[in-house]
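Chemist: Here's my sequence, what's the structure:
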Amino acid sequence: MYTEREAYAFSKHIYMSADKARRVIDQIRGCFYEETLIILELMPYRACHKIFKLVYSAAANASNNMGLNKASLIVSKAEVNESTTAKKFKPRARGRSYPIKRRTCHITIVLTDISIPKYKNRFDKYLYL
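Modeler: Numbers count the residues shown, from 1 in each chain. Okay, here's the model as predicted:
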């Protein structure tokens, strides 16, 4: 599933709609690690904090477990999947009840080391140095 040069981190059952998390994930897909952290710090969405911690965790996995350099990491895969929905009911007028859906999602972040020649040509379009 993942190669020896890919570090990943995933978080499950985050109390957030998948659509709200996807609008943040779409901004960081394909960016360098340090650039990703800057983008996530400056965006005003609630999902940014959870995704920031997840990207930071994936980079820590890459450096500690695999010995990869954080400066050469790129977000190669970032996806958000829907998870279970908790359903509650709120009492309303005349004995009725309205459902409240508390949506959750799963987030997966994969960081790839692009200093390896095997991956260099795949991410050439992101290199603008």
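
Chemist: got the contact list for the lengthiest strand in the chain?
Modeler: For the chain, the longest strand by residue count, based on DSSP state E, is strand 73-91. Strand 73-91 is contacted from outside by 6-7, 12-14, 18, 21-22, 25, 28-33, 36, 55, 59, 62, 97-114, 123, 126, using C-beta atoms under 8 Å, 6 or more residues apart in numbering. All C-beta spots, glycine's among them, are computed from the backbone N, C-alpha and C.

Chemist: which one's the longest helix in this protein?
Modeler: helix 47-65 (DSSP state H).

Chemist: And that one, what's buried?
Modeler: Within helix 47-65, the residues scored as buried using 16 or more other C-beta atoms under 10 Å are 47-48, 50-52, 54-59, 61-62.

Chemist: What residue in the protein is the furthest from its centre?
Modeler: Centroid-distance maximum for the chain: Arg94 at 43.6 Å, with C-alpha atoms, centre = their mean.

Chemist: Let's see the distance spanning stretch 57-71 from one end to the other.
Modeler: End-to-end distance for stretch 57-71, by C-alpha to C-alpha, to the nearest Å: 15 Å.

Chemist: quick one: contacts of that stretch?
Modeler: Stretch 57-71 has contacts (C-beta under 8 Å, 6+ apart) with 4-5, 7-9, 32-34, 73, 109-111, 113, 115.
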